[in-house]
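Colleague: My questions concern the predicted model and sequence given below.
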Amino acid sequence: MKEILSYDSVEISFDGEAVVHDVSFSLHPGEILGIVGESGSGKSTLLKAAMGLLGKSGMVTRGDIWFQEKDIPDLSRGEMQKICGEKIGMIFQDAGASLCPIRTIGEQIYESIAAHKKMSREQAKEKALGLFEKLKFQDGERIWNSYPFELSGGMNQRVGIAIAMLMEPPVLLADEPTSALDMAVQRQVVQEMLALRELFGTAIILVTHDIGVVSAMADSILVLKEGNVMEYGAAAQVLEAPQNEYTRKLLSAVPRLRRS
Ligand SMILES: Nc1ncnc2c1ncn2[C@@H]1O[C@H](COP(=O)(O)OP(=O)(O)O)[C@@H](O)[C@H]1O
Ligand SMILES: [Mg+2]
């Protein structure tokens, strides 16, 4: 199958200084790519580049990021806004915390859908409750009517992920989506993302420093160190027979987890 997103020799710089060097990978529909590396290795920067979120001082200084025949760094702001959210969804470590505290979940969902599509409040609610049900959220009606503070932190995170998926973007970028969660909720969020891939064929880039989460989810793995690709390949290959000394160290630093 043809890739949906591909990075081709990408260099990213802040104020003229490169922090990501010559990174290439490609993502196919429905594929889950795990990007792992220590703090500061450039994981978030790689994802932000695909969303045009590098800020004033950051830019892609070499290479291309291809999405559906378009080179993302060349797109205008307007073209980029069309892609953000609708074609490429993104969730952060604290997707839950980015919910507005003074508006109900339902109001926020309606607004985020209305930003992209003409849809009535009723239709938006039907769509959201349908997705909640598929994701096995208990009592979607109550969630729809709740303010974020009325839900647990874990539930807010799960709702944040569901909101990112309501437009059914073919690509989801997830930056440390489980890092702030306790183990039980982490497991639910992992299940939620796997369910989304099943439901919509979503391709996911999952950035994390948690090898356990990567081994439970990823089809392929890219290891990043100081902005350089140390290793990139099929998950089983990278986890079971890492070619690179750095990858071996990274893997040995955590208890081995079995793929479930
Ligand atoms: N807005 C910015 N301005 C300057 N440097 C930045 C900015 N964002 C990230 N960096 C630098 O880029 C490097 C990679 O950061 P980041 O992508 O956040 O790493 P990670 O997500 O792997 O922890 C770091 O050295 C960081 O200091
Ligand atoms: Mg980061």
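Modeller: That came through fine. Ligands and ions are numbered 1, 2, ... in the order given.

Colleague: Tell me where the longest helix sits in the chain.
Modeller: Scanning the chain for the longest helix, with DSSP state H as the assignment, gives helix 183-200.

Colleague: In that one, which residues are buried?
Modeller: Within helix 183-200, the residues that qualify as buried are V185, Q186, Q188, V189, V190, Q191, E192, M193, A195, L196, R197, F200, counting by 16 or more other Cβ atoms under 10 Å. Every C-beta, even on glycine, is put in place using the N, C-alpha and C of the backbone.

Colleague: Likewise for stretch 169-183?
Modeller: For stretch 169-183, by 16+ other Cβ under 10 Å, it's P169, P170, V171, L172, L173, A174, D175, E176, P177, T178, A180, L181.

Colleague: Next, the distance between the ends of that stretch.
Modeller: 27 Å (Cα to Cα, to the nearest Å).

Colleague: Is there any residue in that stretch that contacts ligand 1?
Modeller: No. Stretch 169-183 lies apart from ligand 1 when judged by Cβ under 6 Å from any ligand atom; the minimum separation is 7.2 Å.

Colleague: All further residue positions should be reported with the first residue as 546.
Modeller: Okay, residue one is now 546; in that scheme the one you just asked about reads as stretch 714-728.

Colleague: Helix or strand: which one has I654?
Modeller: helix 650-659 (DSSP states H and E).

Colleague: Contacts only, for E713.
Modeller: Contact analysis of E713 by Cβ atoms under 8 Å, 6 or more residues apart in numbering lists F745, T747.

Colleague: From R793, how far out is it?
Modeller: 39 Å (Cβ to Cβ, to the nearest Å).

Colleague: next one: D619
Modeller: 38 Å.

Colleague: all helices in the stretch 596-745 of the chain, in order from the N-terminus.
Modeller: 622-628, 650-659, 666-679, 685-690, 698-710, 728-745 (DSSP state H, counting those that start in this stretch).

Colleague: Tabulate those helices (a markdown table), appending mean pLDDT.
Modeller: A markdown table is the format used below for the helices of the stretch 596-745 of the chain (pLDDT from 0 to 100):
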| stretch | mean pLDDT |
| --- | --- |
| helix 622-628 | 88 |
| helix 650-659 | 92 |
| helix 666-679 | 93 |
| helix 685-690 | 96 |
| helix 698-710 | 88 |
| helix 728-745 | 89 |
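
Colleague: quick one, which of those helices is nearest to F570?
Modeller: helix 728-745 (17.8 Å; Cβ to Cβ).

Colleague: Quick one: end-to-end distance for stretch 688-708.
Modeller: 12 Å.

Colleague: mind listing what's buried in it?
Modeller: Buried, per 16+ other Cβ under 10 Å, within stretch 688-708: 688-689, 691, 693, 696, 699-708.

Colleague: residues making contact with that stretch?
Modeller: So stretch 688-708 is in contact with 636, 639-651, 653-654, 657, 670, 673-674, 676-677, 680, 682, 719, 722, 725-727, 729-730, 733-734, 737-738, 741, going by Cβ under 8 Å, 6+ apart.

Colleague: Ligand 1 versus the residue nearest the centre of the chain, what's the distance?
Modeller: Centroid-nearest residue in the chain: A719, 1.7 Å away (criterion: Cα atoms, centre = their mean). According to Cβ to the nearest ligand atom, to the nearest Å, A719 and ligand 1 sit 12 Å apart.
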